[in-house]
Structures are given as C-alpha cells and as structure tokens.
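Participant: here are the coordinates; sequence isn't available:
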C-alpha cells in the first residue's frame, strides 16, 4: 500500500527538485474530492517527458528504482518501487505550447490526448496538489470492466462534482 504520507513526501521532494508532476488514478480522485476514500496500491504520476531524467534521479534519491516488466511498458509508462512496497506508476507526457499534452502508448501511433483543461489542482490534508480533472479521470475509466474500487471512485466524482459517469 502507498499511504498519504508517502504520497505527499514524494510530491514534496519532486516539487523541491523542480519536477512538475500531476497525480492521476485513485490518488488523483482523492485529491479532487479532498479526502482519502480508500487504500491505494500505487501512485500514478504524470510528468513532462523532457524532465524524465530529473524525475528518475529525484525518485532514486528517495529509494525508488525502476521495476522491469510493467505491462504495458514504454513508451506509455514505467514503474518505480522502493524496498517498503511502495510503487509509482510514471506516465511521460509531451506538452504542446497551448498546454495540452500527448502520452504515446506504443510505437504504432497510439496515444492519449490531454486537453490543457485536464491539468488542475486539488487539495488533500490542506496541501494543494496538481492532478487530472474530473472529466479526464472519467475518460480514463472507460472501455473496460470496472473493478469495485473503480465503481466507488466514480461514485465519489459524481457526488463531489455532479458529473455523469458511464458506470
């Protein structure tokens, strides 16, 4: 599990190193709704692809190391873990001048797009955190059979923002 204290520690050290990241996934939803709603296995972080060497070096200073075998792997994402069982799922983004971004999924041109409005801030434990918007979170929860935690995550977004979700 990855507790809130570890999430905030990772974000604080990355921020101090000048590495701009955005929280997505389950922790991203918790940041949007402003409270911890469940236990989290990992922390999804989106980062600027051109800053990846600094992101990796900074995370290594915290005891994280690349974990081989993540599926899907590069170019979409890679995983870093520490010796305490904490995992970070890192997603490199290529930003355009207008603030939008693209995440390459494969070598055949597959990609996720992120409109500039996808990048927002939320607050948890009194800390402002960069994260993905509710709309983008909902978009990424489509096209698969939801797990119980996905159903709860979408329910939290509906409750907090009055949005419609597909499940």
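Facilitator: Happy to help now that I have it. As the structure is a computational prediction, the values presented were derived from the model and not from experiment.

Participant: now do the SS call for residue 144.
Facilitator: Secondary structure for residue 144, judged by DSSP: H, G, I helix; E, B strand; the rest coil, is coil.

Participant: any idea how far it lies from residue 49?
Facilitator: 25 Å (C-beta to C-beta, to the nearest Å). For glycine as for every other residue, the C-beta is placed from the backbone atoms N, C-alpha and C.

Participant: and these two? Which one has more around it.
Facilitator: Higher neighbour count among residue 144 and residue 49: residue 49, with 17 against 9, using other C-beta atoms under 10 Å.

Participant: what pLDDT, on average, does the top strand by length along the chain get?
Facilitator: If you go by DSSP state E, the chain has its longest strand at strand 87-95. Mean pLDDT, strand 87-95: 98.

Participant: give me the contact list for that strand.
Facilitator: 2, 10, 24-25, 41-49, 52, 55, 59, 64, 67, 70, 75-81, 101-104, 114 (C-beta atoms under 8 Å, 6 or more residues apart in numbering).

Participant: of the residues you listed, which belong to helices?
Facilitator: 10, 25, 52, 55, 59 (DSSP state H).

Participant: right, and out of those residues, which lies closest to residue 162?
Facilitator: residue 25 (21.7 Å; C-beta to C-beta).

Participant: excluding covalently adjacent residues, which one is nearest to the closest one?
Facilitator: residue 44 (3.5 Å; C-beta to C-beta, 6 or more residues apart in numbering).

Participant: wouldn't the one you found be in contact with residue 27 here?
Facilitator: Yes. Using C-beta atoms under 8 Å, residue 44 is in contact with residue 27, at 6.8 Å.

Participant: quick one, which of these two is more surrounded?
Facilitator: Under the neighbour definition other C-beta under 10 Å, residue 44 and residue 27 were set side by side, and residue 27 has more, 25 against 22.

Participant: which secondary structure state does the more buried one sit in?
Facilitator: Reduced to three states by three-state DSSP, residue 27 is helix.
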